[in-house]
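Enquirer: sequence first, predicted coordinates after that:
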Amino acid sequence: MPERKAILVYGYPSREKGRKDYAIEECLSLCDAAGIKAVQVIVQQTDHPDPRIFFHRGKVEEIRSAAQYHEADLIIAGMRMPWASARRLAEEAGFPVMDSTELILEIFSMRADSRPSQIQVEIAALRHRLSSVNESGDSAEHSRGGTIRNRGAGEIRSVQLRREYAARIKELNRQLAKLERAESSAQHRRRRSLLRRAALVGYTNSGKSSFMNRVLQMCSHPGTEVLEEDQLFATLDTSVRNVRWGMQHFLLYDTVGFVSDLPHELVESFRSTLQSVREADLLIHVIDISDPQYEEKTRVCEQTLEEIGAGGIPVLRVYNKADKLKEETDCTPLVSCRTGEGMDTVLQMITDALYPQETVFECLIPYSKGDLLHRAAQMIHIDILEENNEGYHIRVKGPEQLSGMLKEYRIEEKP
Ligand SMILES: Nc1nc2c(ncn2[C@@H]2O[C@H](COP(=O)(O)OP(=O)(O)OP(=O)(O)O)[C@@H](O)[C@H]2O)c(=O)[nH]1
Ligand SMILES: [Mg+2]
């Protein structure tokens with residue numbers, strides 16, 4: 001797709017002055033991710049936006065002439081803007097207007113390559129359109145001074161649209177539920193395995209997938225890497241991998257990245273993707289320490305975690321991209337997924353957090369219970385000390401909850 005040109009417009013109240021630069025920066029990255037070049041940025045600080053169109057008359061004129069001068073394809077509103085106002089701005093400026101939610105949805109739809117994520121993105125887009133229709137009703141028709149008759153036509157059209165969107169959402173949800181049923185039996189098996197679960201969370205592009213890949217490499221699981229890329233929202237689908245580190249064993253989930261003002265339609269639609277986050281025993285919050293905005297982004301992520309119902313889960317903050325850091329920092333643990341620096345320490349911290357209390361004991365497992373031994377070995381660390389007449393003499397190391405399955409074969413250890 002050829003790169004499109006846009007005028008980025010951003011209106012904000014004076015109390016949000018401190019966030020302005022950061023918010024604009026983020027919008028520029030989003031434009032970049034969507035293959036859109038922002039050729040000019042126009043801002044307006046106001047505590048009293050024009051109720052009809054948001055921007056004041058003079059600004060609208062400035063936006064219109066900038067768009068004409070640059071031969072822009074569209075105008076992007078970097079802040080949340082009532083749908084009816086966006087439509088009026090489009091009419092008055094003579095260029096299509098896209099808001100930040102639509103921009104994120106567009107990136108998601110470009111990246112969605114599995115059927116469930118395509119369905120989820122479509123549902124999110126329909127919900128967004130539905131809320132726009134609900135919000136606007138026929139007020140846009142009203143503002144154009146339509147007659148009573150064509151105002152009625154607008155109303156009928158809104159009702160029709162609402163019905164169409166709702167029916168399509170219902171159908172998509174049905175398809176999604178069918179796909180999820182197939183997936184959930186696999187999840188069920190994982191849940192039953194009693195293995196602890198850690199989920200990687202964090203801002204988009206912070207290095208979650210790189211973290212997963214580095215861990216897989218360290219634990220010599222070749223050929224199981226996930227996609228990592230220098231772009232926003234590279235990961236849309238959750239991946240899960242089995243990790244065996246030293247004597248420990250756990251499941252590691254890679255998830256979709258967060259961004260400030262993640263549209264709630266998307267959070268809602270990605271509920272199954274984010275389920276692995278809600279059900280994790282530990283969240284590994286990957287932070288890009290080389291990003292000057294990392295503190296703000298850390299706050300956004302932890303707030304989003306609250307919003308999706310994962311607020312009570314222990315979080316281990318990990319500061320990534322240490323290799324790019326130019327100054328000293330007090331933040332720990334520092335890692336670099338690129339060079340591997342600090343990763344041993346973090347893996348140890350993860351396993352300590354996941355399996356706080358370990359037990360070590362010896363067992364004698366009869367040969368007839370080979371199955372049990374095989375199952376236990378999938379989850380906990382087992383050393384075979386000896387194979388004698390009675391069976392396998394083993395040493396077990398693992399969390400109490402898991403090693404309990406071998407307790408009845410426990411033997412007194414020799415001093
Ligand atoms: N220099 C450096 N680059 C890194 C490091 N870790 C990750 N990156 C780069 O950062 C970019 C994003 O990495 P990903 O692992 O795809 O990030 P993510 O958090 O999974 O991103 P999303 O899936 O988009 O949310 C890639 O270009 C990585 O190569 C690091 O420690 N140092
Ligand atoms: Mg990723």
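Expert: Sure thing, it's come through. Ligands and ions are numbered 1, 2, ... in the order given.

Enquirer: tell me the buried residues in stretch 18-31?
Expert: Neighbour-count burial for stretch 18-31, counted by 16 or more other C-beta atoms under 10 Å, picks out 20, 23, 24, 26, 27, 28, 30, 31. In this view, the C-beta of every residue, glycine as well, is placed from N, C-alpha and C.

Enquirer: does that stretch reach ligand 1?
Expert: No - on the criterion C-beta under 6 Å from any ligand atom, stretch 18-31 is out of touch with ligand 1, staying 10.9 Å away.

Enquirer: what residues does that stretch touch?
Expert: Stretch 18-31 is contacted by residues 6, 8, 10, 12, 16, 37-38, 41, 43, 45, 76, 78-79, 100, 103-104, 107, 232, 259-260, 293, 296 when judged by C-beta atoms under 8 Å, 6 or more residues apart in numbering.

Enquirer: now, these that are in helices?
Expert: If you go by DSSP state H, the contacts of stretch 18-31 have 100, 103, 104, 107, 296 in helices.

Enquirer: measure the residue in the chain that ligand 1 sits nearest to to ligand 2 for me?
Expert: Nearest to ligand 1 in the chain, going by C-beta to the nearest ligand atom, is residue 257, at a distance of 2.5 Å. For residue 257, the distance to ligand 2 equals 6 Å [C-beta to the ion, to the nearest Å].

Enquirer: about what we covered before: of the buried residues of stretch 18-31, which belong to helices?
Expert: Residues of those located in helices (DSSP H): 20, 23, 24, 26, 27, 28, 30, 31.

Enquirer: now, which of those residues lie close to ligand 2?
Expert: Counting by C-beta under 5 Å from the ion, the subset of these that neighbours ligand 2 is empty.

Enquirer: what's the closest non-adjacent residue to the closest residue to ligand 2 within the stretch 51-200 of the chain?
Expert: Using C-beta to the ion, the closest approach of the stretch 51-200 of the chain to ligand 2 is made by residue 200 at 8.2 Å. Nearest residue to residue 200, sequence neighbours excluded (C-beta to C-beta, 6 or more residues apart in numbering): residue 208, at 4.1 Å.

Enquirer: check contacts around that neighbour.
Expert: Here residue 208 is in contact with 200, 201, 202, 235, 254, 255, 257, 286 (criterion: C-beta under 8 Å, 6+ apart).

Enquirer: can you put those in TSV and add pLDDT, neighbour count and secondary structure?
Expert: Listed next are the contacts of residue 208 as TSV, based on pLDDT from 0 to 100; neighbours: other C-beta atoms under 10 Å; DSSP: H, G, I helix; E, B strand; the rest coil:
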residue	pLDDT	neighbour count	secondary structure
200	96	29	strand
201	96	28	strand
202	95	25	coil
235	79	23	coil
254	93	26	strand
255	90	26	coil
257	88	23	coil
286	98	27	strand
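
Enquirer: what about residue 239, neighbour count?
Expert: 17 (other C-beta atoms under 10 Å).

Enquirer: same check, this time on residue 367
Expert: Residues lying near residue 367 (other C-beta under 10 Å) number 11.

Enquirer: which bits of the stretch 251-400 of the chain sit near ligand 1?
Expert: Residues of the stretch 251-400 of the chain lying near ligand 1 (C-beta under 6 Å from any ligand atom): 257, 320, 321, 323, 324, 336, 337, 338.

Enquirer: just send those back as a markdown table, with secondary structure and distance to residue 281 too.
Expert: A markdown table is the format used below for these (DSSP: H, G, I helix; E, B strand; the rest coil; distance: C-beta to C-beta, whole Å):
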| residue | secondary structure | distance to residue 281 |
| --- | --- | --- |
| 257 | coil | 21 |
| 320 | strand | 21 |
| 321 | coil | 26 |
| 323 | helix | 30 |
| 324 | helix | 30 |
| 336 | coil | 26 |
| 337 | coil | 22 |
| 338 | coil | 27 |
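
Enquirer: now do the strands in the stretch 201-350 of the chain.
Expert: 239-245, 248-254, 282-288, 315-320 (DSSP state E, counting those that start in this stretch).

Enquirer: quick one, the second one and strand 239-245 angle?
Expert: The reference is to strand 248-254. Computed by axes from the mean of the first three to the mean of the last three C-alpha atoms, to 10 degrees, the angle separating strand 248-254 from strand 239-245 equals 150 degrees.

Enquirer: now swap in the third one and tell me
Expert: Strand 282-288 and strand 239-245 meet at an angle of 100 degrees, taking the same axes, to 10 degrees as the criterion.

Enquirer: where does the prediction get shaky in this protein?
Expert: Across the chain, the ranges flagged by pLDDT under 70 are 1-2, 136-152, 154, 183-194, 222, 271-273, 401-402, 413-415.

Enquirer: spell out which residues of it are next to ligand 2.
Expert: The interface of the chain toward ligand 2, taken as C-beta under 5 Å from the ion, is made up of 208, 209, 234, 235.
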